[in-house]
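K.L.:
attaching a predicted model along with its sequence, questions to come.
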Amino acid sequence: MDQGDAMAVLQELRGDAVVITAMAAIEAWAQKSKLPSRDLPIADAMGKASSVALGLALARPEVKVIVLDGDGSLLSNLGTLATIAGKAPKNLYHFVLENGVYATTGGQPIPAQGLLSFARLALAAGYASAYEFDNLEEFTANAWRILEESGPGMVCLKTVPEIRSAEQGVAPQDAPWHRSPLEMVADLRKSLGTA
Amino acid sequence: MTQPALLTPTAVMEELKKNGVTHVVTLPDSETRWMWRAMEAEAGLDLVPVSQEGESMAIAAGLTMGGKRPVVLIQSTGLFEAGDSLRGITLELKLPLVMVIGYRGWSRHGVTTDSAARFLEPVLNAWGIRYHLVERDADAKRISLAFEEAYRTSRPVAVLIAVDPTASTEDSDTGLPRRKGAR
């Protein structure tokens, strides 16, 4: 499935949810989001987007928190599954863009590419639910229902890798959607009333 | 013979309460294990156990942006482990954070052989992170100082819990002897 198409579906369903993005999802989501004041990309500290999302979910249980993680990113912070399961936030939805590669660094394969199942790992860790989708139609038909369920839930989306070249870098600084990290934190805190 | 502890859970807990702490994001360690039961018993405090220390900085960042007031409680070795999260999230996003750090290997009586102790203060200095040493109850008010600095500057500030194993043997909630160098 095309990750941009999947994100377009998610944008229509997010409501006022906070969306935390990592690595390859950052640019793709920024181009689809219609509520940037509630978006926060975690471009640094690989793998920690889900941890930031957990903190936000615990702080604001009345707000849905969606994290758009990468498979390589999640592998670098796999203990997050147990940490999230332990606190069991009902408002946390952990999406994993499973493209099987490190897309921002040229498309090198992740360890155990095609062998491991993040959905099964999440269930084994204690997530309330876990789903896998490899086509857009099926995801579109079920996404709204998943976001109505109690979390923590994992949703694995099998996406086509969009490999970035060295010239492209991780994310363009001059894109129209680009905001500095400090601007994004300030916007999010203002939106949540915690500024 | 057991000597009285120089730093008690009561003194630390009073400081956390005074500063409005809502969450303790933690991975237990030998230097601060004596605080665990007091934290569990504190109704207004939510413990967030982590699998690895790097998560703690990121979870604390989310809690802070969500309007809560967390502390991170980890050992010095965990701080080393969490270095990239501290750099890439706490420092880059300019978020206030008080980190309570168990100072493994700390001693006032001679040169420590524990590299975890020898590297701690140089590493904090390299990151430009201010820190305060807390050895006994009389030092606990430095925790309030750390909060004032962290929130005034929007930066992390460390509180180093320095319990010398040769000075206090009241270091175990199980009654078992401290295992030197244990995490």
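P.N.:
Yep, it's here. Numbering: from 1, shown residues only, chains lettered A, B, ... in the order given.

K.L.:
tell me where chain A has strands.
P.N.:
Secondary structure of chain A (DSSP state E): strands located at A:18-22, A:39-42, A:65-70, A:92-98, A:101-102, A:108-109, A:129-133, A:153-158.

K.L.:
backbone dihedrals for B:I59, please?
P.N.:
The phi/psi pair for B:I59 (degrees, to the nearest 10) reads phi -60, psi -40.

K.L.:
which stretches of chain B have low pLDDT?
P.N.:
B:1-5, B:164-183 (pLDDT under 70).

K.L.:
which stretches in it count as helices?
P.N.:
B:9-18, B:36-41, B:53-65, B:76-81, B:83-85, B:115-126, B:142-153 (DSSP state H).

K.L.:
please produce CSV containing these, extended by mean neighbour count and distance to chain A.
P.N.:
Bear in mind the C-beta positions are built from the backbone N, C-alpha and C, glycine included. Listed next are those as CSV, based on neighbours: other C-beta atoms under 10 Å in any protein chain shown; distance: least, C-beta to the nearest C-beta, whole Å:
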stretch, mean neighbour count, distance to chain A
helix B:9-18, 18, 17
helix B:36-41, 14, 14
helix B:53-65, 30, 2
helix B:76-81, 22, 11
helix B:83-85, 20, 5
helix B:115-126, 15, 17
helix B:142-153, 18, 13
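
K.L.:
any idea how many residues pack against A:S76?
P.N.:
When neighbours are defined as other C-beta atoms under 10 Å in any protein chain shown, A:S76 has 15 of them.

K.L.:
not counting its neighbours along the chain, what's nearest B:E81?
P.N.:
B:E53 (4.6 Å; C-beta to C-beta, 6 or more residues apart in numbering or on different chains).

K.L.:
still on that earlier bit, tell me which of the helices of chain B sits nearest to A:T83.
P.N.:
helix B:53-65 (5.7 Å; C-beta to C-beta).

K.L.:
residue contacts, the spatially most central residue of chain A?
P.N.:
Nearest to the mean C-alpha position of chain A, by C-alpha atoms, centre = their mean, lies A:L68 at 0.6 Å. In this structure, A:L68 makes contact with A:M7, A:L10, A:V19, A:I20, A:T21, A:A22, A:A25, A:W29, A:A49, A:F95, A:L97, judged by C-beta atoms under 8 Å, 6 or more residues apart in numbering or on different chains.

K.L.:
what's the answer for B:V123, then?
P.N.:
Residues counted as contacts of B:V123 (C-beta under 8 Å, 6+ apart) are B:L79, B:F80, B:G83.

K.L.:
A:T83 too?
P.N.:
A:S51, A:L54, B:V48, B:P49, B:V50, B:S51, B:E55, B:I59.

K.L.:
report the two of these separated the most.
P.N.:
Across these, the longest distance by C-beta to C-beta is 12.7 Å; it joins A:S51 and B:P49.

K.L.:
what is the nearest of the contacts of A:T83 to B:W34?
P.N.:
Nearest to B:W34 out of the contacts of A:T83 is B:P49 (C-beta to C-beta; 16.8 Å).

K.L.:
what's the neighbour count on the nearest residue to A:Y131 once chain neighbours are set aside?
P.N.:
The shortest distance from A:Y131 to any non-neighbouring residue, by C-beta to C-beta, 6+ apart, is to A:V155 (5.0 Å). Per other C-beta under 10 Å, the neighbour tally for A:V155 reads 26.

K.L.:
the one 5 residues further on too?
P.N.:
The number of residues packed around A:V160, counting by other C-beta under 10 Å, is 13.

K.L.:
cool, B:R33 as well?
P.N.:
Counted with other C-beta under 10 Å, residues neighbouring B:R33 total 17.

K.L.:
OK, contacts around the residue lying closest to A:A122 once chain neighbours are set aside?
P.N.:
When the adjacent residues along the chain are set aside, A:A122 lies closest to A:M154, with 3.9 Å between them (C-beta to C-beta, 6+ apart). Contacts here follow C-beta under 8 Å, 6+ apart; on that basis A:M154 touches A:H94, A:F95, A:V96, A:F118, A:A119, A:A122, A:L123, A:Y127, A:S129, A:A130, A:Y131.

K.L.:
cool, and A:R189?
P.N.:
A:R189 touches A:A195, B:M65, B:G67, counting by C-beta under 8 Å, 6+ apart.

K.L.:
number of residues surrounding the residue nearest to A:Q108 when sequence neighbours are not counted?
P.N.:
If the residues on either side of it in the chain are set aside, A:Q108 comes closest to A:Y102, at 4.9 Å by C-beta to C-beta, 6+ apart. A:Y102 has 21 neighbours, counted by other C-beta under 10 Å.

K.L.:
please apply the same query to A:A49.
P.N.:
Residues within reach of A:A49, counting by other C-beta under 10 Å, total 31.

K.L.:
correct me, but it touches A:I66?
P.N.:
No. Between A:A49 and A:I66 there is no contact under C-beta atoms under 8 Å: 10.6 Å.

K.L.:
identify the contacts common to the two.
P.N.:
Residues touching both A:A49 and A:I66 (C-beta under 8 Å, 6+ apart) are A:I20.

K.L.:
before we move on, the earlier item: more crowded one of A:S51 and B:P49?
P.N.:
Taking neighbours as other C-beta under 10 Å, A:S51 and B:P49 compare with A:S51 leading, 33 against 15.

K.L.:
chain A: helices as residue ranges?
P.N.:
So, for chain A - with DSSP H - the helices run A:3-13, A:24-32, A:49-59, A:71-75, A:80-87, A:118-125, A:136-146, A:181-192.
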